[in-house]
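Chemist: Sequence unavailable; structure follows:
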């Protein structure tokens, strides 16, 4: 049986303060085996979705830490946004990926719900497969009246009593926790600014008002355009392509069409393949006809996401992101992988028995750093996009100008935090490379040395990204603190790489040049 992997797709009621989202993301990443896969922030919804996955104990702990951090930093009395919400951490679903079943996720949800309710004093409602009552399976039923309505009803209405926690709301509101099958969240933008058209289309599409099974939909006005916001809870029961076509047909009744669509978070590969098959009418299609799948199978590789090719193609494109910061993180992941490889080549060999325990520790930490640095590739690109989004905020009135300036400053300072975190991790990779080259498998000493050199190059690249983001805010206290830490990291890295080079030269017996 494959190793147990669970996915969590947590929704937080904040998108306009990047520093808050970064703090929540750091809380998730503070758990070593929790891998942050994706982040999606919508300024109009004022809502962020963070997707992370890993072993069940790690993901359960990461979810708790993120809920605690959101409760600390988000005040719903001050929150405004287009999307319905009842909590700072609004909804936390767990999805089984491999090595566990839905009941396992139900137990995770209930265990976490009790901990959040009792430990943080945040009311918790269980939903979907984890629901304790039939009327709480649907998220929209629990979220009825939003934060403001629930704040009053929870005091007097027995039907609104939470499953765990107090029967009152603080400024963090309540949190909905559950277990469900993979959900696809996407938004369809129409060629109109008439929100009533979006609402009529949403009503025709969603199951609760006579539409398609497994479809939930809302009509909203986002960024000056009518939007149909859709949650598809079972993409096999109601395929994506058919849902989109129903949106298209209903919109046509009002003389409008689809302008564009966007995904919120991640989507199963199978759902995209099914949509392509449906539109192309490939009636005889077999999944093995996909080139990348055939190559993976031929090379005996596990199904992956093709990141090496995809990332390099994206890096070489005319798009500004991913850029240097993402490249630094990617190179750092390569450095960590090489350090892990040398440690792995050392363990279990009689000749190196004296350092076996040390190398296993190095290997485990290097692997954790590899995963974290890989995730930072997307995080850096997302941070840059947040800066661009801040620059697009309206600037007509003095109030809007002030709000825009604050948003740009917050997003820019946050954009420096991502490469700074990468730089910290790269110094750790360098530190791990020392015992690897000093006592690891001699046959792989230059691989360890290469990993160290890559880590140094990546750190220098991350350094440039930090400095360029902070250039306009040199006197800001946060900027001063970050630049001071960066100087310390660079000094320590310079000392460490010199030590590594000396060891490799001496122990490896390299030919002079």
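Modeler: Looks like it came in fine. Only a predicted model underlies this, so the values are computations on that prediction, with no experimental measurement involved.
Chemist: Would you mind splitting this protein into its domains for me?
Modeler: What the record gives for the chain is the domain set 5-179, 184-271, 320-508, from automatic domain parsing.
Chemist: Between these, which one is closest to residue 290.
Modeler: Residue 290 sits nearest to domain 184-271 of all the domains of the chain, at 9.0 Å, using Cβ to Cβ. For glycine as for every other residue, the C-beta is placed from the backbone atoms N, C-alpha and C.
Chemist: what's the offset of the closest one from the middle of its chain?
Modeler: Averaging C-alpha positions (Cα atoms, centre = their mean, to the nearest Å) puts domain 184-271 23 Å from its chain's average.
Chemist: Show me the longest helix that occurs in the protein.
Modeler: In the chain, taking DSSP state H as the definition, the longest helix is helix 398-439.
Chemist: And the very next helix or strand once past it, what does it pack against?
Modeler: Using DSSP states H and E, the helix or strand that follows helix 398-439 in sequence is helix 445-470. In terms of contacts (3 or more Cβ pairs under 8 Å, 6 or more residues apart in numbering; DSSP states H and E), helix 445-470 is packed against helix 324-346, helix 398-439, helix 477-508.
Chemist: ok, the closest residue to residue 424 other than its chain neighbours - contacts?
Modeler: Setting aside the residues directly before and after it, residue 424 is nearest to residue 489 in space (Cβ to Cβ, 6 or more residues apart in numbering), at 6.7 Å. By Cβ atoms under 8 Å, 6 or more residues apart in numbering, residue 489 lies in contact with 423-424, 427, 459, 463.
Chemist: Between these, which sits nearest residue 398?
Modeler: Closest to residue 398, out of all of the contacts of residue 489 and judged by Cβ to Cβ, is residue 463, at 36.9 Å.
Chemist: My read is that the closest one contacts residue 486, right?
Modeler: Yes: counting by Cβ atoms under 8 Å, residue 486 is a contact partner of residue 463 at 6.0 Å.
Chemist: what do the two both touch?
Modeler: In the contact map built from Cβ under 8 Å, 6+ apart, the residues linked to both residue 463 and residue 486 are residue 423.
Chemist: what about the longest strand in the chain?
Modeler: strand 89-98 (DSSP state E).
Chemist: What separates the first and last residues of stretch 384-400, distance-wise?
Modeler: 21 Å (Cα to Cα, to the nearest Å).
Chemist: can you list the residues that contact that stretch?
Modeler: With Cβ under 8 Å, 6+ apart as the test, stretch 384-400 has contacts from 18, 41, 43, 320-321, 323, 325, 401, 403-404, 407-408, 410-412, 414-415.
Chemist: Identify the residues contacting residue 53.
Modeler: Counting by Cβ under 8 Å, 6+ apart, residue 53 makes contact with 5-8, 34-35, 37, 59, 97.
Chemist: Find the nearest non-adjacent residue to residue 79, please.
Modeler: Closest to residue 79 by Cβ to Cβ, 6+ apart is residue 13, at 5.3 Å.
Chemist: Just give me the neighbour total for that neighbour.
Modeler: Residues lying near residue 13 (other Cβ atoms under 10 Å) number 27.
Chemist: And for residue 97?
Modeler: Residue 97 has 16 neighbours, counted by other Cβ under 10 Å.
Chemist: repeat for residue 284
Modeler: A count of nearby residues for residue 284, using other Cβ under 10 Å, gives 6.
Chemist: what does residue 158 give?
Modeler: Neighbours of residue 158 using other Cβ under 10 Å come to 7.
Chemist: So it versus residue 139, what's the distance?
Modeler: As judged by Cβ to Cβ, to the nearest Å, residue 158 and residue 139 stand 20 Å apart.
Chemist: can you check residue 408 too?
Modeler: Distance, residue 408 to residue 139, using Cβ to Cβ: 34 Å.
Chemist: So between the two, which is more surrounded?
Modeler: Neighbour count, other Cβ under 10 Å: between residue 408 and residue 139, residue 139 has more, with 24 against 18.
Chemist: For that one, grab phi and psi.
Modeler: Residue 139 adopts backbone torsions of phi -60, psi -40, taken as degrees, to the nearest 10.
Chemist: Identify the nearest residue to it in space, disregarding sequence-adjacent positions?
Modeler: Residue 139's closest residue in space is residue 127 (Cβ to Cβ, 6+ apart), at 5.4 Å.
Chemist: Am I right that that neighbour is in contact with residue 143?
Modeler: No: judged on Cβ under 8 Å, residue 127 makes no contact with residue 143 at a distance of 9.3 Å.
Chemist: Residues in contact with both of these two, list them for me.
Modeler: Common neighbours of residue 127 and residue 143, counting by Cβ under 8 Å, 6+ apart, are residue 176.
Chemist: Neighbour count: the two, which is higher?
Modeler: When residue 127 and residue 143 are compared for neighbours, residue 127 comes out ahead with 26 against 22, by other Cβ under 10 Å.
Chemist: so the more buried one sits in a strand?
Modeler: Yes: according to DSSP: H, G, I helix; E, B strand; the rest coil, residue 127 belongs to a strand.
Chemist: Who is it paired with across the strands?
Modeler: Beta-bridge pairing for residue 127 (DSSP bridges): residue 178.
Chemist: who's in contact with it?
Modeler: Residue 127 touches 91, 93, 136-139, 142, 176-178, counting by Cβ under 8 Å, 6+ apart.
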